[in-house]
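Participant: sharing a model prediction with you, sequence too.
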Amino acid sequence: MGFTVAIVSFSKKFIFVKTAKTAGTSIEVFLSQYCSGADIVTPIFPANPSHVPCNFTSQGATTFYNHMPAVEIRQALEPEQFSTFFKFCFERHPIDKCLSHFAMLLNSPGHQAEGNPKTWEDYLERGVFPNNSPIYTDEGGNLLVDRIYKYEELAQSIKDVCAEIGVSGAELTVFEKAGFRHRVPEFATVMRNAAQKDRIMKAFESTLRFVDYVAAAK
């Protein structure tokens with residue numbers, strides 16, 4: 001089992017479907033502060049004193065795990081819970097997300113491995129991109145969440161989430177797992193390479209069905 005996952009809040013009636021490279025851990029830490037002891041909140045690494053994990057194992061026949069897809073969360077809950085709870089996730093511009101993903105593989109101590117790409121060109125050639133659409137769609141590609149928020153509009157999105165779950169006056173102020181991207185020299189030139197941009201956008205066509213990103217990253 002991995003670390004960090006969707007939060008299922010029975011007290012606030014929401015399901016946060018955590019996606020990759022979209023400030024998911026920061027959002028999870030933030031949301032966990034408004035959960036009760038009956039909600040499902042999993043551990044994160046490194047630990048954060050504001051984040052108290054609970055009930056992430058032995059939920060019937062289900063153990064909640066890292067980046068658990070919405071289709072599996074649906075299977076683990078009562079049908080009425082999944083249909084009526086507010087379900088949401090976050091997306092990010094594909095190019096920006098790939099740059100962040102590469103930076104994490106290159107610089108994060110917790111993600112470094114022998115087979116990781118060492119250059120941006122190697123990363124593109126390998127073609128293993130953080131495509132999140134399978135996390136929030138079913139086997140037929142149908143959307144399973146009520147709303148997809150944009151990472152680029154994070155502050156306003158958090159306000160909207162808080163309004164939906166009945167929390168007022170709260171803001172996201174702490175960002176986990178940040179600081180790797182500025183150490184990647186390729187960022188200064190990659191956005192001028194049309195072929196690289198086109199390759200990434202093609203790989204994220206399933207994402208672009210639901211979120212209106214264009215080739216120029218913000």
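Facilitator: Done, it's in.
Participant: quick one: distance of the longest helix along the chain to the chain centre.
Facilitator: Longest helix of the chain, by residue count under DSSP state H: helix 94-107. Going by CA atoms, centre = their mean, to the nearest Å, the spacing between the C-alpha centre of helix 94-107 and its chain's C-alpha centre is 13 Å.
Participant: so what's Gly141 up against?
Facilitator: Each residue near Gly141 by CB atoms under 8 Å, 6 or more residues apart in numbering is listed here: Ser133, Ser206, Arg209. Just so you know, the C-beta spots here come from the backbone N, C-alpha and C atoms, and that holds for glycine as well.
Participant: what's the helix or strand for the second one?
Facilitator: Spelled out, it's Ser206. When secondary structure is defined using DSSP states H and E, the element that contains Ser206 is helix 205-208.
Participant: which elements pack onto that helix?
Facilitator: helix 133-136 (3 or more CB pairs under 8 Å, 6 or more residues apart in numbering; DSSP states H and E).
Participant: sheet partners, orientation included, of whichever helix or strand comes after the helix it packs on?
Facilitator: Next helix or strand after helix 133-136 toward the C-terminus (DSSP H and E): strand 147-150. Strand 147-150 has its sheet partners listed here by DSSP bridges as strand 86-91 (parallel).
Participant: once you drop chain neighbours, what's closest to Val145?
Facilitator: Nearest residue to Val145 in three dimensions, chain neighbours excluded: Lys87, at 4.3 Å (CB to CB, 6 or more residues apart in numbering).
Participant: that neighbour: what's it in contact with?
Facilitator: With contacts defined as CB under 8 Å, 6+ apart, Lys87 is in contact with Phe14, Ile15, Val17, Ala70, Leu144, Val145, Asp146, Arg147.
Participant: quick one: it from His111, how far?
Facilitator: Relative to His111, Lys87 is positioned 28 Å away (criterion: CB to CB, to the nearest Å).
Participant: what does Arg126 give?
Facilitator: Between Arg126 and His111 the computed distance is 14 Å (CB to CB).
Participant: what of Gly169?
Facilitator: 35 Å.
Participant: also Thr84?
Facilitator: Counting by CB to CB, the gap from Thr84 to His111 is 36 Å.
Participant: tell me which of the two has more neighbours.
Facilitator: A direct count of neighbours by other CB atoms under 10 Å for Thr84 and His111 places His111 higher, at 14 against 10.
Participant: so the more buried one, which of the three states?
Facilitator: Here His111 is coil, with the state taken from DSSP: H, G, I helix; E, B strand; the rest coil.
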